[in-house]
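A.B. asks: for reference, the sequence and a predicted model appear below.
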Amino acid sequence: MTARIIRLGTPRTADEGLRIGTVRRPPRGVPKAEFSSQNWYDVWYPNLAPSVETMKFAQATQHDQPGGAREWAAFRKKYRAEMAEPDASRSLDLLAALSHHANFAMGCYCEDEAHCHRSLLRELLSERGAKVG
């Protein structure tokens, strides 16, 4: 059993299990009834997405520009603080425990995982003892 961190909208693997969308907004232009069949997600769980303020901060960050590393570090700090809040922390604990008993995948739309909150989700789940693939 394992938790996978994936890019939403990509083809599913055979044993992926439930796909969880940890995004603030649903995919644009896609009917709700087609979210799963188009490989976006089976369950929308914005509770683990960055807040709107933090998401906008990340989107404005220029990773390849001078100061980009400092901005990314600031985003990491903001997002980790949000995930330390009781509701988010309990959700992460639950998913870490479930990773030992069920296959599931979670993620968002960003192309580059290295500059996306899903890289931090991977870290946070691993820190809680999750089986992450």
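C.D. replies: Cool, the structure landed.
A.B. asks: wasn't residue 126 part of a helix?
C.D. replies: Yes - according to DSSP: H, G, I helix; E, B strand; the rest coil, the state of residue 126 is that of a helix.
A.B. asks: quick one: it from residue 118, how far?
C.D. replies: 13 Å (CB to CB, to the nearest Å). Where you see a C-beta, it was placed from the backbone N, CA and C, and this is true even at glycine.
A.B. asks: higher neighbour count, these two?
C.D. replies: residue 118 (22 against 15; other CB atoms under 10 Å).
A.B. asks: let me see the backbone angles for the more buried one.
C.D. replies: Backbone torsions of residue 118, given as degrees, to the nearest 10, read phi -70, psi -30.
A.B. asks: so what's it up against?
C.D. replies: Taking CB atoms under 8 Å, 6 or more residues apart in numbering as the criterion, residue 118 is in contact with 5-7, 22, 106-108, 110.
A.B. asks: let's see it at 6 Å
C.D. replies: Each residue near residue 118 by CB atoms under 6 Å, 6 or more residues apart in numbering is listed here: 5, 107-108.
A.B. asks: and residue 123, by the same measure?
C.D. replies: Residue 123 neighbours (CB under 6 Å, 6+ apart): none.
A.B. asks: checking the closest residue to residue 16 other than its chain neighbours next. Helix, strand or coil?
C.D. replies: Nearest residue to residue 16 in three dimensions, chain neighbours excluded: residue 105, at 4.9 Å (CB to CB, 6 or more residues apart in numbering). Here residue 105 is strand, with the state taken from three-state DSSP.
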